[in-house]
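*Asks:* fold the stuff below for me.
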Amino acid sequence: MNKTKLKSLTFMILLCALGTTMADESHVAKNELVNTERIQTKEQALSEDINILSKEIGAGTEEIRRSLQFQDQFTAFFETLLRDYPNQISRVWLDPVPASQGYVEFVGDMPEVRTTLNVDFTGGGVYSFQEQEQRAEYLAQVLVANDLTNFISYFNHKTNLIKLQMKVEDHKEALSREALDRIIASEDGLDEDERVLFDGLSMAEIEYEIEVGRGDIIELLHSRGGHWLRRDGLRRCTSGWSVSGPNGDGIVTAGHCTALNQFEESPVSIYGMKHRKQNFGKGGDSEYHTTVHIEPAEYWASPSSLRPVESIRPTIIMIFGMTVCGYGRSSDIRSCNHQVVTNNIATTMTGYPGVVLTNMLMVTGVNSIPGDSGGPWSWSTTAWGILSGMGTDHTFVTPVQQVQTTLGVTIKTQ
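*Replies:* Down below sits the predicted model:
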């Protein structure tokens with residue numbers, strides 16, 4: 001097998017209504033974008049997202065704003081720690097909004113670190129978080145080598161455990177902890193160098209969860225960002241971000257949204273687009289199309305909110321506990337009550353044999369439906385990623401940095 005570093009993201013990817021009309025013409029009445037050229041300012045975009053989150057979690061807007069300011073300060077501080085203490089940070093996480101509390105654990109002895117921020121520092125970590133993420137990928141690799149599928153694996157910073165979630169149709173089909181421990185000990189599918197880091201992993205370091213039910217563990221949901229994308233006249237997925245690329249200007253969306261050939265700017269303004277490149281595996285779920293229009297660095301955050309894209313969020317600072325929002329044309333909902341669980345998972349699905357999706361963002365909450373796939377995930381005017389799919393309690397997103405790397409494109413920013 002391909003010995004890429006897997007991050008087993010077993011997730012129900014939001015399927016593009018295979019052979020159906022999905023969330024099709026039934027949404028025409030309520031899902032039309034408001035025809036306006038007025039673009040929100042950064043402050044207007046931020047205030048709108050804060051107001052949405054306030055209603056969703058029942059906290060005051062000023063309390064949320066202070067918490068978000070703390071998260072920005074903590075992120076900048078964490079970037080300095082990454083520079084000053086490379087591969088010496090074992091765990092990092094934040095308490096979700098509206099709290100203002102961060103946590104950092106170092107490998108071995110804790111260095112003398114000072115900050116005025118509300119951060120708890122500890123030492124005693126055995127592995128760096130980068131090493132733990134690799135171990136979670138190697139776990140996926142070993143399971144695939146033993147013909148196992150339909151699971152997600154990732155490192156949980158808060159619990160300090162590698163999470164393994166497997167989905168089976170009948171509980172009797174589930175592997176026992178003892179059987180799983182034997183498979184892990186086999187180290188099948190790993191080369192000599194990979195075994196050095198993986199060696200010694202046992203069930204004591206793994207949080208093992210069994211989900212019973214039919215279907216894939218992740219359901220894949222089938223240009224300015226936020227527009228309908230069509231396949232031969234039928235609405236299928238949502239556009240993510242405007243990009244420049246080796247074949248010209250265009251848009252990106254989810255890689256499982258196959259055979260798309262039309263971009264719907266409005267019900268009476270539909271123009272063609274050409275498929276250029278797809279990635280569905282290592283590096284996530286994305287694809288690049290060129291269009292016959294110039295695509296501006298803007299996106300629809302909701303049916304009435306057109307925003308500039310002013311920056312992109314680096315994957316490494318998508319920190320456990322941070323808040324992000326999503327919007328899809330099919331659900332027609334912008335939701336911000338989503339917190340980062342991990343920025344690096346790997347997954348396999350029964351419906352996609354031989355495919356291992358890696359390097360994905362997993363967040364809490366599910367608000368999307370088929371047709372939202374490929375849509376823009378963001379906070380204020382910052383691009384985070386494009387929607388891939390959902391599980392029982394979580395949503396899965398391909399980070400914009402992975403989109404740029406795998407497709408060779410650049411997300412347009414102002």
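
*Asks:* could you use CA atoms for every contact and neighbour count after this?
*Replies:* Fine.

*Asks:* okay, the lengthiest helix in the chain in PDB with CA atoms only?
*Replies:* In the chain, assigned by DSSP state H, the helix with the most residues is helix 61-84. In PDB, the C-alpha atoms belonging to helix 61-84 read as follows (Å, rounded to 0.1, in the frame of the first residue of the first chain):
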ATOM      1  CA  THR A  61     -21.700  39.500  22.400                       C
ATOM      2  CA  GLU A  62     -19.100  41.400  24.500                       C
ATOM      3  CA  GLU A  63     -18.100  38.300  26.400                       C
ATOM      4  CA  ILE A  64     -17.700  36.500  23.100                       C
ATOM      5  CA  ARG A  65     -15.700  39.300  21.600                       C
ATOM      6  CA  ARG A  66     -13.300  39.300  24.600                       C
ATOM      7  CA  SER A  67     -12.800  35.600  24.300                       C
ATOM      8  CA  LEU A  68     -12.100  35.800  20.600                       C
ATOM      9  CA  GLN A  69      -9.500  38.600  21.300                       C
ATOM     10  CA  PHE A  70      -7.900  36.200  23.800                       C
ATOM     11  CA  GLN A  71      -7.800  33.400  21.200                       C
ATOM     12  CA  ASP A  72      -6.100  35.800  18.700                       C
ATOM     13  CA  GLN A  73      -3.500  36.700  21.300                       C
ATOM     14  CA  PHE A  74      -3.000  33.100  22.300                       C
ATOM     15  CA  THR A  75      -2.500  32.100  18.700                       C
ATOM     16  CA  ALA A  76       0.200  34.700  18.200                       C
ATOM     17  CA  PHE A  77       1.900  33.600  21.400                       C
ATOM     18  CA  PHE A  78       1.700  29.900  20.300                       C
ATOM     19  CA  GLU A  79       3.400  30.800  17.000                       C
ATOM     20  CA  THR A  80       6.300  32.200  19.000                       C
ATOM     21  CA  LEU A  81       6.500  29.000  21.100                       C
ATOM     22  CA  LEU A  82       6.600  26.900  17.900                       C
ATOM     23  CA  ARG A  83       9.500  28.900  16.700                       C
ATOM     24  CA  ASP A  84      11.400  29.000  20.100                       C
END
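
*Asks:* on contacts alone, who are the packing partners of that helix?
*Replies:* helix 42-57 (3 or more Cα pairs under 8 Å, 6 or more residues apart in numbering; DSSP states H and E).

*Asks:* any idea of the angle the helix it packs on forms with helix 61-84?
*Replies:* 110 degrees (axes from the mean of the first three to the mean of the last three Cα atoms, to 10 degrees).

*Asks:* each with direction, which strands does the helix or strand of the chain with the lowest mean pLDDT pair with?
*Replies:* Sorting the helices and strands of the chain by mean pLDDT, DSSP states H and E puts strand 262-266 at the bottom, at a mean of 78. Based on DSSP bridges, the pairing partners of strand 262-266 within the sheet are strand 228-231 (antiparallel), strand 269-281 (antiparallel).

*Asks:* buried sites along the longest helix of the chain?
*Replies:* Within helix 61-84, the residues scored as buried using 16 or more other Cα atoms under 10 Å are 61, 64-65, 67-68, 70-71, 74-75, 78, 81.

*Asks:* contacts for the least confident helix or strand of the chain, please.
*Replies:* Strand 262-266 has contacts (Cα atoms under 8 Å, 6 or more residues apart in numbering) with 32-33, 223, 227-233, 270-273, 291.

*Asks:* tell me the least confident of those residues?
*Replies:* Confidence by pLDDT is poorest for Ser223 among the contacts of strand 262-266, given 44.

*Asks:* any idea whether Gly389 is helix, strand or coil?
*Replies:* State at Gly389, reduced to three classes by DSSP: H, G, I helix; E, B strand; the rest coil: strand.

*Asks:* which stretch among the strands paired with strand 262-266 comes nearest His338?
*Replies:* strand 228-231 (23.2 Å; Cα to Cα).

*Asks:* next SSE after the closest one?
*Replies:* strand 234-238 (DSSP states H and E).
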